[in-house]
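1. need a structure here:
(one chain, ligands or ions: 2)
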Amino acid sequence: MSEPIRVVVTGAAGQIAYSLLYMIAKGDVFGPNQKLILHLLDIPPMMGVLEGVVMELADCALPLLAGVVPTADPAVGFKDVSAAFLVGAMPRKQGMERKDLLSANVKIFKVQGEALNNVAKKDVKVLVVGNPANTNALICSHYAPSIPKENFTAMTRLDQNRAQAQLAARLSVGIDRVRNVIIWGNHSSTQYPDAKNATVDGKSVVEAIANNDYLNAEFVETVQKRGAAVINARKMSSAMSAAKAASDHMRDWFAGTKDGEFVSMGVVSDGSYGTPKDIVFSFPVQIKDGKWTIKQGLAVDDFARGKLDATAAELLEEKEEAMAVCAAE
Ligand SMILES: NC(=O)c1ccc[n+]([C@@H]2O[C@H](COP(=O)([O-])OP(=O)(O)OC[C@H]3O[C@@H](n4cnc5c(N)ncnc54)[C@H](O)[C@@H]3O)[C@@H](O)[C@H]2O)c1
Ligand SMILES: O=C(O)C[C@H](O)C(=O)O
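-> Ligands and ions are numbered 1, 2, ... in the order given. This is a model prediction of the structure:
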């Protein structure tokens, strides 16, 4: 059993954290042999609720959980952490787009970037879940210049899981038989869920489904709008599935991807696939020894090109607005 690592979850009194903390503390993310000290960061008015979460974590009687640090102070929350789940932010309500949250939420990620810069381990792996996730991750990295840009990622794994589930249902096969579906771009309704490189039992999904109208329209729109559909039904945004996706994202980042497989993560663009540099764009990545690399050489046809350009344009607009909000602080 190795020494405990410190892991922070922000928004620890909120609904995603309520599912996520249990997944982390029972070993789903860092494995069955890795002890943890969980740092739980939220805002001062939520400290009473957080006390209840701390009690429940204790009552789960989890052998891997070596300590819990509840706090409203980012300097304590981010101190010496090896992994950071940045969940804490306002969720959208019915009728809103995720970018409507930008001016309220982006300031949180400026403050937390500065705190990570000052007190976290320099090799901390940061996953931004709070929306608009891609742009918040960019801002967080911008205000943490002593930590490599590669260490900041945004979550599009929920979109990937949704896409995989849609394809598996369409094909009437188990979820684990569908691989390598890609989410390109922003975690927003401009994202491009791409089944063209996906496989079912190692064979092409495009050939198995044999219906390009479905793959280019209904499939894309269902995944793009799934978050809104959950909000319309639950009157609250997705939480259990978001926690599962955050757990999947961080597990793969630490443990690596399987040979021949890739997963989607929002990462700082290096210009791959003709995208603008220095925005956080979701790409297919392969991961080895804790480092991700963008999967190169996949075909991008004219249809896909239009989708990639549209989602990149939205990210450039969000970046400009976010930088202006932070500069005005
Ligand atoms: N990327 C994704 O796929 C994805 C999926 C689902 C939800 N989300 C986003 O995740 C965020 C959280 O969703 P939720 O349902 O858990 O919301 P929630 O309102 O239940 O919880 C958010 C928590 O964050 C806390 N918080 C606010 N400001 C904070 C700060 N400065 N520091 C620390 N904590 C702070 C709040 O007090 C609250 O406890 C939202 O922005 C939501 O839109 C993203
Ligand atoms: O859609 C939302 O606002 C929440 C989350 O980003 C989701 O995709 O479910």
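
2. and Gln166, what element?
-> Counting by DSSP states H and E, the element that carries Gln166 is helix 157-171.

3. can you list the buried residues in that helix?
-> 157-168, 170 (16 or more other CB atoms under 10 Å). No exception for glycine: its C-beta is placed from N, CA and C like everyone else's.

4. can you check stretch 246-257 too?
-> Taking 16+ other CB under 10 Å as the neighbour-count basis, stretch 246-257 is seen to contain the buried residues Ala246, Ser247, Asp248, His249, Met250, Arg251, Asp252, Trp253, Phe254, Thr257.

5. kindly report the same for stretch 257-275.
-> The neighbour-count check on stretch 257-275 (16+ other CB under 10 Å) flags Thr257, Phe262, Val263, Ser264, Met265, Gly266, Val267, Val268, Ser269, Ser272, Tyr273, Thr275 as buried.

6. how long is it end to end?
-> 24 Å (CA to CA, to the nearest Å).

7. and it, anywhere near ligand 2?
-> No. Stretch 257-275 does not reach ligand 2 (CB under 6 Å from any ligand atom); its nearest approach is 12.0 Å.

8. so how far is that stretch off the chain centroid?
-> Per CA atoms, centre = their mean, to the nearest Å, the displacement of stretch 257-275 from the mean C-alpha position of its chain is 13 Å.

9. which stretches of this structure have low pLDDT?
-> Along the chain, segments meeting pLDDT under 70 span 1.

10. now for Glu3: which residues touch it?
-> Applying CB atoms under 8 Å, 6 or more residues apart in numbering, one finds that Glu3 lies in contact with Lys35.

11. looks to me like it is in a strand.
-> Yes. Membership of Glu3 in a strand is supported by DSSP: H, G, I helix; E, B strand; the rest coil.

12. that older thread, give me the subset of the buried residues of helix 157-171 touching ligand 2.
-> Filtering the buried residues of helix 157-171 for proximity to ligand 2 by CB under 6 Å from any ligand atom leaves Leu158.

13. format the buried residues of stretch 246-257 as a markdown table; extra columns: secondary structure.
-> Converted to a markdown table, these look like this (three-state DSSP):
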| residue | secondary structure |
| --- | --- |
| Ala246 | helix |
| Ser247 | helix |
| Asp248 | helix |
| His249 | helix |
| Met250 | helix |
| Arg251 | helix |
| Asp252 | helix |
| Trp253 | helix |
| Phe254 | helix |
| Thr257 | coil |
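
14. and the residue nearest to Lys319 when sequence neighbours are not counted, how far from ligand 1?
-> Nearest in space to Lys319, with sequence neighbours left out and distances taken as CB to CB, 6 or more residues apart in numbering, is Ile279 at 5.7 Å. Here Ile279 is placed at a distance of 16 Å from ligand 1 (CB to the nearest ligand atom, to the nearest Å).

15. my read: Ile279 touches Ser269, true?
-> Yes. Look at Ile279 against Ser269 with CB atoms under 8 Å: they come within range, at 5.4 Å.

16. out of the buried residues of stretch 246-257, which is nearest to Lys291?
-> Distance to Lys291, by CB to CB, is smallest for Trp253 among the buried residues of stretch 246-257, at 9.0 Å.

17. show me what contacts the closest residue to Ser141 other than its chain neighbours?
-> Nearest residue to Ser141 in three dimensions, chain neighbours excluded: Phe152, at 3.9 Å (CB to CB, 6+ apart). Phe152 makes contacts with Val126, Val128, Ala137, Leu138, Cys140, Ser141, Ala144, Val267, Val268, Val280, as judged by CB under 8 Å, 6+ apart.

18. beta partners for the last one?
-> The residues listed as beta-bridge partners of Val280 by DSSP bridges are Val268.

19. residues near the closest residue to ligand 1 within the chain, how many?
-> Closest contact between the chain and ligand 1, by CB to the nearest ligand atom, is at Gly14 (2.0 Å). By the criterion of other CB atoms under 10 Å, Gly14 has 22 neighbours.

20. phi first, then psi, for it.
-> When read as degrees, to the nearest 10, the backbone of Gly14 gives phi -90, psi -180.

21. up against ligand 2, what does the stretch 201-329 of the chain have?
-> Close to ligand 2, as judged by CB under 6 Å from any ligand atom, the stretch 201-329 of the chain has residues Gly227, Ala228, Val230, Ser237, Ser238.

22. neighbour-wise, which of these leads?
-> Gly227 (24 neighbours).

23. check which helix or strand covers that residue.
-> Secondary structure from DSSP H and E places Gly227 in helix 226-234.

24. who's in contact with Phe219?
-> Phe219 makes contacts with Ala163, Gln166, Leu167, Arg170, Pro193, Ala195, as judged by CB under 8 Å, 6+ apart.

25. can we see that at 6 Å?
-> Phe219 sits next to Gln166 when contact means CB atoms under 6 Å, 6 or more residues apart in numbering.

26. which element is it on?
-> helix 219-224.

27. quick one: that helix near ligand 1?
-> No. On the criterion CB under 6 Å from any ligand atom, helix 219-224 is out of touch with ligand 1, staying 11.6 Å away.
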